[in-house]
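**Student:** Got a predicted model here, sequence first, then my questions.
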Amino acid sequence: MKTQASQKNRFRQKMNGPERRFLGMPNANIVMGARIRGQVTPKLLQSAILKARQKHPLLGVRIHLGDDATGWFVQTNVPEVPIETKPRATEKDWTEVAADQLQQPFFIATGPLIRIILLESPEISDLIITAHHSICDGRSLVYLIRDLMTYLGHPAYEPEPKQVIPIASQEYLPPSISVNWLRKIIIKSINQKWLRKAITFNDEDYQNLHNTFWQRHRASVLRWDMAPSQTAMLVACCQQEQVTVNSALYTAFLKAQKQIQGDAHDYFHNILVPVDFRNRLTKPVDEAVGFYVSAVKFKLKAAKERPFWEMARIIDKKTRQQLTDKNIFAAQKLSLLTPSFLDGMVFAKHGYLDDKMAVSYVKRTGLDKLFAGMTISNLGRLSIPVDYGGLHLDALMGPAVYSDIIEKVLEVVTVGGNMNLTLTYGETFIETSTIMQLKDTAMKYLEEAVIKEASK
């Protein structure tokens, strides 16, 4: 098997807490697809991947665990990115492949932490990228797709010999982020107590956890889009009402959730809003492939009773109130915990470790049960081209991620004026028929609100 060519200065970076916690998780994959009009060959794709790998170091890493379970991204002896080709038969092929890829593990010790499936047909191809969440977020995959499209559409193009280095976010946190002395003492005590237990996990433990998890869960992916004219109307209405598109989407889906699913669960009132914090770090991240996402949360009730745009303004206001550095970077405190304890929490959460300390921490952080009925991540309107030589970026799918603490995960990205929506869910928690009702009802709420606003 070919491995990455020798480099004078190899990339090596310590994993931070949020990245490191993904290692033990059986559902740590993120999948994104690009529908390409024009011919894409495996040979051209392999060349494009090699160029992208030279630019983005994390595409060519494996993970080395030190004796203390500290994780390191390293580039030594990493195989090429695997590319699998399959015939493309129907429009639904890429969502079915994406759902399957969410369940397939990575071998983190050997790498790489990314793989590609190309669904081929004479006129249209679906490029499906699966990555381990520790090396990237949804925005990273959009940048990667843009780069791959550039190299595919212009095979002779040679990118500048300059790496876009993903910075270690914990080293560049805003000055306002600090840990007081009392918390440091508490965390130090937790670490010492845990290390005295000398609990370790091996490859067989991780494999058993992964297999058991996916025997209990089944990921499903639903994708649709809004035409440029509809998207433009929605954006204009949101600007008129001075709310984000994400707040309008939340309003539509929370109203639909209330109508279809009622108030059966308390977690329906929990709102979790993902946040890209690239622009909040003290050193520019630029367009690096890396993990730069957090989330803020709050409670919200009585979604159905309020008028649409009033509800959207409430959600918008509550979201903005939570967008403080303290809330956004709260997860960075995981870097203070000893890495093996992060693994212990994962095993305790799934019933593979009967340790009172780990179980208690899982319950205290709310990771032992469903936390929210829905989360919506909107990457926004991205300024990337849709035409690359003889190729056209027809649509995007994803990013798709599977959560066992969030019932429904909606990811939204707008390219070329076209809004692409991808809903990932587990049939363990909710039936597909209910999901279809929810989606149709939410889009109806959205359409009616836009029409009413536009008619003013």
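**Tutor:** Received it, and whenever you're ready, just let me know what you need.
**Student:** rest of the way, CA atoms for contacts and neighbours
**Tutor:** Fine.
**Student:** Flag every buried residue along stretch 107-127.
**Tutor:** 108-121, 124-127 (16 or more other Cα atoms under 10 Å).
**Student:** Which residues does the longest helix seen in the chain contact?
**Tutor:** As assigned by DSSP state H, the longest helix anywhere in the chain is helix 432-454. Residues outside helix 432-454 that contact it (Cα atoms under 8 Å, 6 or more residues apart in numbering): 233-234, 237, 248-249, 252-257, 260, 308-309.
**Student:** all helices of the stretch 351-456 of the chain, in order?
**Tutor:** Along the stretch 351-456 of the chain, counting by DSSP state H, counting those that start in this stretch, helices occupy 356-364, 432-454.
**Student:** okay, these in JSON lines with mean neighbour count, mean pLDDT and distance to residue 391 next?
**Tutor:** Below are the helices of the stretch 351-456 of the chain laid out as JSON lines (neighbours: other Cα atoms under 10 Å; pLDDT from 0 to 100; distance: least, Cα to Cα, whole Å):
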{"stretch": "helix 356-364", "mean neighbour count": "16", "mean pLDDT": "92", "distance to residue 391": "48"}
{"stretch": "helix 432-454", "mean neighbour count": "16", "mean pLDDT": "94", "distance to residue 391": "31"}
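**Student:** could those be laid out in TSV, adding distance to residue 373?
**Tutor:** As requested, the helices of the stretch 351-456 of the chain are arranged in TSV below (distance: least, Cα to Cα, whole Å):
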stretch	distance to residue 373
helix 356-364	18
helix 432-454	12
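**Student:** Ok, which of those helices comes nearest residue 163?
**Tutor:** Closest to residue 163 of those, according to Cα to Cα: helix 356-364, at 38.3 Å.
**Student:** Could you list every helix and strand in contact with the closest one?
**Tutor:** Judged by 3 or more Cα pairs under 8 Å, 6 or more residues apart in numbering; DSSP states H and E, the packing partners of helix 356-364 are helix 339-349.
**Student:** hmm, 10 Å instead?
**Tutor:** For helix 356-364, the packing partners by 3 or more Cα pairs under 10 Å, 6 or more residues apart in numbering; DSSP states H and E come out as helix 181-197, helix 339-349.
**Student:** Compute the inter-axis angle for the helix or strand just after the first one and helix 339-349.
**Tutor:** Going down the chain from helix 181-197, the next helix or strand is helix 203-216, by DSSP states H and E. Interaxial angle, helix 203-216 versus helix 339-349 (axes from the mean of the first three to the mean of the last three Cα atoms, to 10 degrees): 40 degrees.
**Student:** Other residues contacting helix 203-216?
**Tutor:** 23-27, 102-105, 107, 109, 343, 346-347, 350-352, 404, 426-428 (Cα atoms under 10 Å, 6 or more residues apart in numbering).
**Student:** again, only this time at 7 Å
**Tutor:** 24, 26, 103 (Cα atoms under 7 Å, 6 or more residues apart in numbering).
**Student:** re the thing from before, identify whichever of the helices of the stretch 351-456 of the chain lies nearest to residue 379.
**Tutor:** helix 432-454 (18.6 Å).
**Student:** Spell out the residue ranges of the strands in the stretch 101-250 of the chain.
**Tutor:** With DSSP state E, counting those that start in this stretch as the criterion, the stretch 101-250 of the chain has strands at 114-120, 124-132, 219-226.
**Student:** which secondary structure elements does the longest one contact?
**Tutor:** With contacts defined as 3 or more Cα pairs under 7 Å, 6 or more residues apart in numbering; DSSP states H and E, strand 124-132 has these neighbours: strand 29-37, strand 114-120.
**Student:** Next, the angle from the longest one to strand 114-120.
**Tutor:** Pointing back at strand 29-37 there. Counting by the same axes, to 10 degrees, strand 29-37 lies at 30 degrees to strand 114-120.
**Student:** got the CA coordinates for strand 29-37 in PDB?
**Tutor:** Extracted in PDB, the C-alpha atoms of strand 29-37 (Å, rounded to 0.1, in the frame of the first residue of the first chain):
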ATOM      1  CA  ASN A  29     -18.200  10.400  11.300                       C
ATOM      2  CA  ILE A  30     -19.300  13.400   9.200                       C
ATOM      3  CA  VAL A  31     -20.400  12.900   5.600                       C
ATOM      4  CA  MET A  32     -20.800  15.400   2.800                       C
ATOM      5  CA  GLY A  33     -21.700  14.900  -0.900                       C
ATOM      6  CA  ALA A  34     -21.300  17.000  -4.100                       C
ATOM      7  CA  ARG A  35     -23.400  16.300  -7.100                       C
ATOM      8  CA  ILE A  36     -21.300  17.100 -10.200                       C
ATOM      9  CA  ARG A  37     -22.500  17.600 -13.700                       C
END
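**Student:** Could you look up the next helix or strand downstream of that strand?
**Tutor:** Strand 29-37 is succeeded, C-terminally, by helix 42-55 (DSSP H and E).
**Student:** Remind me what whichever strand or helix holds residue 84 packs against, helices and strands.
**Tutor:** Element membership for residue 84, per DSSP H and E: strand 83-87. Here strand 83-87 touches strand 114-120, going by 3+ Cα pairs under 7 Å, 6+ apart.
**Student:** what about the strand it packs on, average pLDDT?
**Tutor:** The average pLDDT for strand 114-120 rounds to 97.
**Student:** That strand pairs with which strands?
**Tutor:** strand 83-87 (parallel), strand 124-132 (antiparallel) (DSSP bridges).
**Student:** roughly how far is that strand from the heart of the chain?
**Tutor:** On the basis of Cα atoms, centre = their mean, to the nearest Å, strand 114-120 sits 18 Å off its chain's mean C-alpha point.
**Student:** next one: stretch 131-145
**Tutor:** Using Cα atoms, centre = their mean, the offset of stretch 131-145 from its chain centre is 8 Å.
**Student:** Next, the buried residues of that stretch.
**Tutor:** Under 16+ other Cα under 10 Å, the buried positions of stretch 131-145 are 131-145.
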